[in-house]
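*Asks:* Structure of the sequence below:
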Amino acid sequence: MKDLILSLSIFISTIFFSLATIMGQSTEDTSGYHLIAAVYAVICVLTLVISGTGRRSKTSGSNLFSYFILGFILFAGLISGSTDNSYYQQFIVFGIPAALVGMFYGRKGSVNSLVKWFDIYFLIIAISIFVSFPQYYASRLVGEQGYSQTLSYEASFVLLMDVFLLSDKNRSLHFGFTNSKLYRWISIIIIPLLVLAIVLSGGRGGFITLIVGLLVYLISYKGSKRKLLGYLFGIALIVLVLTPVVLRVLGPTVTDFASESFGRIFSYMSGGRLDLSQTSGRDEILKKAFVLIDKEPLLGYGLFNYIKALGTYPHNIFVEWLLQGGILFFIVAMAIALWFYLKLFRISRRNTDVVVLFPIFIYPLTELLFSGTWTTNP
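*Replies:* I've put the predicted structure just below:
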């Protein structure tokens, strides 16, 4: 039960809305969400306190540095009067519990007890995607919705979780039902369905997350890469052959729908160049952000105060770092991020059990280049 409570720190928001979707509730109705998230944060921290009671564990330099970062962000928000800022509040509710959980398992030296709960989270999110997709498709056909960035990201996240969980050789870490042939066949069959959901959602970010995730998977795969590439080539060939046939059978409405979605995914490129004019207004936000950065290039506007100047977050973590603390903060943050990912890959070479957790690091790596803010991402 302890590992269930702690592992939920990474997924609390996604699981809440996934369960709401499965139960037929609108994801736009967030009544009770903030209270549940706050209560969970308290329960998570209390669980960590109880788990650490009576144990003597040496605090490493990495842990001390992590505590310093958390304390610095909290203090910066307090002295800048950002306590009523929703991003600061979400950092406290989502970011701090997840960071403390990470340090807890770091001191244990193992994440194996988390893995089986990833199977459950994968199932819940996957079911919610297949429940919500018909609703999204219907709303798009009648013109109520143009595309779904959320659906795109979640479908890519679930697909990567599926692939990495299936490939995990240490099956003793997983729930018994995941080792059955039926479950494994179902997990394989839904992969092309999730690819279809990513493409038809029209979300660029999810497609890029998928590509980055599959590249990391190829690099980290310990079996025969030639055999794996053969499987991937076979799947791609089947999809290429069947797609036009299926679209012709389904009719012009679905064909136009798929064509529009596919075109939007690659709308970043125009005439062989990067084109940000079709990014749902993000190009205007970025233009304003760069003007602000030019005025305060060295120290920026503050971790949370930059929102007052820009009006929103810039949908790019690098631009956000420059706005928050200028060039100095950007250099420090970039150094920490690079150190973290390099260390993650070094650990994965010594301990292959860690590889199964790669999707939770790939997902924010790509998402924060195009959407959201790091302060609210656990």
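*Asks:* Poorly predicted segments of the stretch 201-350 of the chain, please.
*Replies:* Flagging of the stretch 201-350 of the chain using pLDDT under 70 yields the residue ranges 223-225, 228, 235, 239, 242-243, 245-281.
*Asks:* Now do the strands in it.
*Replies:* Here the stretch 201-350 of the chain has its strands, by DSSP state E, counting those that start in this stretch, at 269-270, 273-274.
*Asks:* Relative to E154, how far out is A126?
*Replies:* 9 Å (C-beta to C-beta, to the nearest Å). Placement of C-beta: from N, CA and C, glycine included.
*Asks:* what does D353 give?
*Replies:* 25 Å.
*Asks:* my guess is A41 meets Q89, correct?
*Replies:* No. Under the criterion of C-beta atoms under 8 Å, A41 makes no contact with Q89, lying 10.5 Å away.
*Asks:* Roughly how far does the residue lying closest to S62 once chain neighbours are set aside sit from F68?
*Replies:* Nearest residue to S62, sequence neighbours excluded (C-beta to C-beta, 6 or more residues apart in numbering): G106, at 7.1 Å. G106 sits 15 Å away from F68, going by C-beta to C-beta.
*Asks:* Those two: which is more packed in?
*Replies:* For G106 versus F68, the count of surrounding residues by other C-beta atoms under 10 Å is larger for G106: 14 against 10.
*Asks:* In three-state terms, label the more buried one for me.
*Replies:* Here G106 is helix, with the state taken from DSSP: H, G, I helix; E, B strand; the rest coil.
*Asks:* correct me, but it touches F65?
*Replies:* No. Counting by C-beta under 8 Å, G106 sits too far from F65 to count as a contact (11.7 Å).
*Asks:* Quick one: residues contacting G102.
*Replies:* Each residue near G102 by C-beta atoms under 8 Å, 6 or more residues apart in numbering is listed here: S66.
*Asks:* can you rerun that using 10 Å?
*Replies:* With contacts defined as C-beta atoms under 10 Å, 6 or more residues apart in numbering, the neighbours of G102 are L6, S9, I10, N63, S66, V111, P378.
*Asks:* Equivalent analysis for A236, please.
*Replies:* With C-beta under 10 Å, 6+ apart, A236 has no contacts at all.
*Asks:* Next one: G106 relative to L100, how far apart?
*Replies:* Separation of G106 from L100 (C-beta to C-beta): 10 Å.
*Asks:* Please apply the same query to S26.
*Replies:* 32 Å.
*Asks:* any low-confidence regions in the stretch 1-150 of the chain?
*Replies:* 27-31, 53-61, 140-147.
*Asks:* ok, 50 please
*Replies:* Along the stretch 1-150 of the chain, the model assigns pLDDT under 50 to no residue.
*Asks:* where along it do the helices fall?
*Replies:* Secondary structure of the stretch 1-150 of the chain by DSSP state H, counting those that start in this stretch: the helices cover 2-22, 33-52, 61-79, 86-90, 96-108, 112-141, 149-167.
*Asks:* Turn those helices into TSV, including distance to P359.
*Replies:* TSV is the format used below for the helices of the stretch 1-150 of the chain (distance: least, C-beta to C-beta, whole Å):
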stretch	distance to P359
helix 2-22	10
helix 33-52	21
helix 61-79	22
helix 86-90	22
helix 96-108	15
helix 112-141	9
helix 149-167	4
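*Asks:* S26 and L100: which is more packed in?
*Replies:* A side-by-side neighbour count of S26 and L100, using other C-beta under 10 Å, places L100 first with 20 against 10.
*Asks:* just checking, the more buried one touches S9?
*Replies:* Yes. Contact between L100 and S9 holds when scored by C-beta atoms under 10 Å: they sit 8.1 Å apart.
*Asks:* got any residues that touch both of the two?
*Replies:* C44, V45, T47, L48.
*Asks:* hmm, which of these are the buried ones?
*Replies:* Listed as buried from the shared contacts of L100 and S9 are C44, T47, L48; burial here means 16 or more other C-beta atoms under 10 Å.
*Asks:* Tell me who's in contact with the first one.
*Replies:* Contacts for C44 (C-beta under 10 Å, 6+ apart) come out as I5, L6, S7, L8, S9, I12, V93, I96, P97, A98, L100, V101.
*Asks:* quick one on the thing from earlier: list residues touching both of G106 and L100?
*Replies:* With C-beta under 10 Å, 6+ apart, G106 and L100 have common neighbours S66.
*Asks:* Run through the residues that contact the nearest residue to A197 once chain neighbours are set aside.
*Replies:* Nearest residue to A197, sequence neighbours excluded (C-beta to C-beta, 6+ apart): A155, at 4.2 Å. With contact set as C-beta under 10 Å, 6+ apart, A155 has these partners: 125-126, 129-130, 132-133, 148, 193-201, 203, 206-207, 209-210.
*Asks:* Great, nothing more from me.
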